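[1] Got a sequence here, can you build the structure:
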Amino acid sequence: KNRQWVTEEQTWLQGESKTLSPKTSHESGKPGETMTRRQTNKGTGKEFFLSSLMCDHGNTIYSGWLCAFPQEEMDTSPMVSSLLSSLANYSNLPQGSKEHEEAENNEEARKKPVKAPRMGTLMGVYLPCLQNIFGVILFLRMTWLVGIGGVLGTFIIVFMCCSTTMLTAISMSAIATNGVVPAGGSYYMISRSLGPEFGGAVGICFYLGTTFAGAMYILGCIEILLIYIAPHAAIFRLEGLEGPEAEAALLNNMRVYGTCVLTFMAIVVFVGVKYVNKLALVFLACVILSILAVYAGVIKTAFEPPDFPICILGNRTLVWKGFDVCAKMIEQENGTVTTKLWKLFCDSEFLNATCDEYFANNNVSEVQGIPGITSGILAENLFGNYYQKGVAIEKRGIPSVMDPDAPLSSLNRYVLADITSYFTLLVGIYFPSVTGIMAGSNRSGDLRDAQKSIPIGTIMAITTTSLVYMSSVVLFGACIEGVVLRDKFGEAVNGNLVIGTLAWPSPWVIVIGSFFSTCGAGLQSLTGAPRLLQAIARDGIVPFLRVFGHGKANGEPTWALLLTACICESGILIASLDSVAPILSMFFLMCYMFVNLACAVQTLLRTPNWRPRFKFYHWALSFLGMSLCLSLMFICSWYYAIVAMVIASCIYKYIEFRGAEKEWGDGIRGLSLSAARFALMRLEEGPPHTKNWRPQLLVLVSVDAEQNVEQPRMLSLTCQLKAGKGLTIVGTALEGTFLDNHPQAQRAEQSLRKMMETEKVKGFCQVVISSNLRDATSHLIQAGGLGGLQHNTVLVSWPRNWKQAEDHQTWRNFIELVRETTAAHLALLVPKNITAFPSNGERFTEGSIDVWWIVHDGGMLMLLPFLLRQHKVWRKCKMRIFTVAQMDDNSIQMKKDLTTFLYHLRIDAEVEVVEMHDSDISAYTYEKTLVMEQRSQILKQINLTKNEREREVQLIHENATPTPTSPQSPAESAETPGDKVHMTWTDKFDGDQAKAPSAPSPEGIKDIFNMKPNQSNVRRMHTALKLNGVIAKKSQEAKLVLLNMPGPPKNRTGDENYMEFLEVLTEGLNRVLLVRGGGREVITIYS
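    Model prediction:
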């Protein structure tokens, strides 16, 4: 007999599963279809499992041990196999301009995305870094730097700058290999390492640096064009102009042509970035060929130096322009004749002409501009020669005859210093030539293995460029005459580019190569800067930049390009390459400084996610790099450094206050946690000194059924009392169980946060759920705070409707709260009529804060008005202190002592001593005490239902109010007029009155109505009424009354009377703050 059994079978036909109907064991099998099978052995009855068992969760079937997990957990947590599969197939598609253009122009690409070929270390990192690092400074300013700073000085500058970039590259490699870095380069790395504030500030600085770099490249391009390629193309002619006029004409030419070139480049970038990318290789070839031509020329000077003579008058270098022979006169067949040089300095060509005094007194000599590497000129160029602006470039070792007082004439005949030079200026001008190390990390999306290529490619590129720069410093100093090196524009060598005079086979190799390389670098800057701004804008951390996140349909950043062109134009209007270079040095140095900081912070914090594949880094190297960056910023230009820091700080604060909240797991958050832990551990060392004591508030508020705060003015008072200083915890209690009420707790917490933000309360919020509100409040008092950061003061509102029968638990909880704060040595503040307290927007223009100092409580009553008056709501209020004198007190001496005490406390307040004389207890006091006790006993001893209790209370009020008082009662209570009022408010009853009957009886109620009030309660009520009368009289117009709050009775039989006494004490007062000290001094006269 075959046994029937049910099996679930899963088939993967077109990705679907089906459940097979019940079958017999010999009918159900089809090869390759059944995933699990249970067969029955007819003879033995044993069951065999041919494969793992299956379990069905909904429409998904899991096997084996996965059945142990609930369906909800399997839905939210992916299986390991699917996770590994998705990671293995991960592809970071490049979002660069090249792919945008291909997608726009290629119809097939729109239908099917084409995966761009991934690049290796050489093409993806090394060559782009080389192209970005080698730039305009090498070709246009390097020789001048060597001439002005000397070989030693310039070598120090190059070594410092290259060391800075190498250390930065090491830090950058560690960050770049710590996970996948999308396109965005340094901005992405810094923002994800140091948080959105630092990331946004440094990202914008890096953007500004890249934009000004574009301006610098364009100015370099125009300089090559107008000075070395086509001098006659100048719109503002330089012929015949001297000094400031010639300088202004040159700058105006730079501005006009620079604006035209910028416009053309912006149009090229807007229309088609693919042309820029296709020409990138051409521009790189120009740079490499130019450098190779220089090295070839250096080698050639060893055995055949090029012929570039320079003409020197006395020791002054002459501009080789307008003459062909470096001599005053030459011998010809018919005698001695003057040369063209003579005509430049004399008024006629005859020998008896009147000539320039310096020309007449000094001889003309011709020296070789490129003496060659074997000439020994290196020793002469070893040290620096710094010049003031407008001073003629002089050659050392040649005597000259001159009048020290004679002004410099024929200015346009000599090679002059165009700017005042000094060491720090040279640093600022040179540093842009080592920037560009981020080119590899910016292309991380295009790399085959970014974590391997970025460190190797970047460090190799920096090593190569550093060797080229250092060797070029030495070789320029060893091959070129000093006056030629100091000739910025090559005027002494017939208007040739100085580095071009050294090149082989022709100076035009360098001129053309440097022209194209500067054009390419400018285009690259105008391409990269808008994308960086777009990345910052799309992150949403800087609200006012959001418009620049939009662009063309293919993602090209149109608006960002427009802003970049405008900023770049501001750099071009400066028009001087030497003035623009230090500006972008500041922004790049700041960016590099924060890259080093990010690496150092992550390394020192040892965050769990800090696991870079690049291992050759150390926090000390990062700190050294950061220190170098900061030092170079102030070396270059201290005022530019301050401006750059102010810009970054403003952006930082703007993002902090207005920017979007981003949680990127950054290092600054980890740093904050470490600092907080360290500070908390320090706070654990002991309680704060009296001088440092301030109320650390635990504010207890209640929420309604919708989890909205019921007393928002409690938070207003908190803000006015704290002014953002110290600890503030806003807590609320919910009734129920944590599992059932967790959503309500979250809503309550959100409501508290929102209300705290509205009332500008800086602090924390906490919601506690317990089976009853009493325990929940107790948990808040016990567990609030952390370590040494504990609350020392509790702020809770007075229970308003405590007299109503249904709210009897509210005032019981309140009294228990007072007892707990006393036991925990916590101060207690109880505002009464909290709805009448002012909001943060109100202002009191006059009035007073009255302090009624009955009992010394450690100085809380003195300190609180002082703290309140720091806030703008209470600032105009005066402070008045009242104290009560007994019969045997000297009120005059008390006032004098109190005034002296306040003087030593440095608190300004008016002092008044109130004398309270003992008097007979009035009938009203006797009646009020009797009514209080009758009601107390009725509610406490008779087990009535809620409705019956309300009726009984009403009956008591109707019967007790008109009751006449016996004449003996006041007399009895007045027999001991000098007795002090006791702090114990326990009711004393005899016999049956002390026993609580189990059922209500008319006799019991009749006994209560016939009872006599306790004498202690009568005296207490008498004192409370008298004190209330004095307070109401003196402080009727006060904006706030602060009052000592007496403690509750030790046993719980007099709790109702305690509430009634406090009610009587504060009756008729608008705003009252009851204050109970925590048992320690909180104010001191000592400094």
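[2] Read off the pLDDT value for the residue located most distally from the centre of the chain.
    Largest separation from the mean C-alpha position in the chain: Asn334, at 84.2 Å (Cα atoms, centre = their mean). Per-residue confidence (pLDDT) for Asn334: 75.
[3] switch to numbering from 28
    Taking 28 as the first residue, the last one we looked at is Asn361.
[4] For it, which residues are in contact?
    By Cβ atoms under 8 Å, 6 or more residues apart in numbering, Asn361 lies in contact with nothing. All C-beta spots, glycine's among them, are computed from the backbone N, C-alpha and C.
[5] Quick check: phi and psi at it.
    phi -90, psi 20 (degrees, to the nearest 10).
[6] same deal with Gly758?
    phi -120, psi 150.
[7] What's the local residue count around Ser676?
    11 (other Cβ atoms under 10 Å).
[8] I'd say it and Gly227 touch.
    No: at 11.9 Å, Ser676 does not count as touching Gly227 under the criterion of Cβ atoms under 8 Å.
[9] which neighbours do those two share?
    Joint contacts of Ser676 and Gly227 (Cβ under 8 Å, 6+ apart) do not exist.
[10] gap between the residue farthest from the centre of the chain and Leu700?
    95 Å (Cβ to Cβ, to the nearest Å).
[11] Ranking helices and strands of the protein by mean pLDDT, which lands last?
    Using mean pLDDT, DSSP states H and E, helix 995-1000 stands out as the lowest-scoring helix or strand of the chain, at a mean of 34.
[12] quick one: which helix or strand includes Ile908?
    Using DSSP states H and E, Ile908 sits in strand 905-912.
[13] what's the angle between the very next helix or strand once past that strand and strand 905-912?
    Scanning forward in sequence from strand 905-912 by DSSP H and E, the next helix or strand is helix 918-931. Interaxial angle, helix 918-931 versus strand 905-912 (axes from the mean of the first three to the mean of the last three Cα atoms, to 10 degrees): 140 degrees.
[14] Now helix 918-931: average pLDDT?
    For helix 918-931, mean pLDDT rounds to 83.
[15] and what of stretch 527-543?
    For stretch 527-543, the per-residue pLDDT averages 89.
[16] How about stretch 778-789?
    87.
[17] ok, now how distant is the closest residue in space to Ala196 that isn't next to it in sequence from Ile397?
    Excluding the flanking residues, the one nearest Ala196 by Cβ to Cβ, 6 or more residues apart in numbering is Thr485, at 4.8 Å. Thr485 sits 35 Å away from Ile397, going by Cβ to Cβ.
[18] of those two, who's got more company?
    Thr485 (28 against 25).
[19] quick one: Leu648 and Leu194 touch, right?
    Yes: between Leu648 and Leu194 there is a contact under Cβ under 8 Å: 5.5 Å.
[20] Those two: who's more crowded?
    Neighbours were counted for Leu648 and for Leu194 using other Cβ under 10 Å; Leu194 has more, 25 against 20.
[21] So the closest residue to Lys922 other than its chain neighbours: helix, strand or coil?
    Leaving aside its chain neighbours, Lys922 sits nearest to Val940 (4.8 Å; criterion: Cβ to Cβ, 6+ apart). At Val940 the chain is in strand, as set by DSSP: H, G, I helix; E, B strand; the rest coil.
[22] Quickly list what Val940 is bridged to.
    Counting by DSSP bridges, Val940 forms beta bridges with Thr910.
[23] List the residues that contact it.
    By Cβ under 8 Å, 6+ apart, the contact set of Val940 is Phe909, Thr910, Val911, Ala912, Ser918, Ile919, Met921, Lys922, Leu925.
[24] if you set the cut-off to 10 Å instead, what comes out?
    Going by Cβ atoms under 10 Å, 6 or more residues apart in numbering, Val940 touches 908-912, 916-925.
[25] Quick one: distance of the strand or helix carrying Leu1052 to the chain centre.
    According to DSSP H and E, Leu1052 maps onto helix 1042-1061. Here the centre of helix 1042-1061 is set off from its chain's centre by 57 Å, with Cα atoms, centre = their mean, to the nearest Å.
[26] how close does the nearest residue to Met216 once chain neighbours are set aside sit to Ser729?
    In space, and not counting its chain neighbours, Met216 is closest to Ile202: 4.7 Å by Cβ to Cβ, 6+ apart. Applying Cβ to Cβ, the value for Ile202 to Ser729 is 49 Å.
[27] With neighbour numbers in mind, choose between these two.
    Shown here are Ile202 and Ser729; by other Cβ under 10 Å, Ile202 has more neighbours (27 against 17).
[28] For the more buried one, give its distance to Phe239.
    Ile202 is 25 Å from Phe239, where distance means Cβ to Cβ.
[29] and if you look at Glu843?
    From Glu843 to Phe239 the distance is 68 Å (Cβ to Cβ).
[30] any idea which residue sits dead centre in this structure?
    Centroid-nearest residue in the chain, with Cα atoms, centre = their mean: Glu224, separated by 3.2 Å.
[31] Now do the contacts for the residue lying closest to Val418 once chain neighbours are set aside.
    Leaving out its chain neighbours, the residue that sits closest to Val418 by Cβ to Cβ, 6+ apart is Ala444, at 5.1 Å. Contact partners of Ala444, counting by Cβ under 10 Å, 6+ apart, are 175, 412-420, 513-515.
[32] from those residues, which two are the most distant?
    Gln415 and Asp514 (16.3 Å; Cβ to Cβ).
[33] ok, these two, which is more surrounded?
    Shown here are Gln415 and Asp514; by other Cβ under 10 Å, Asp514 has more neighbours (26 against 10).
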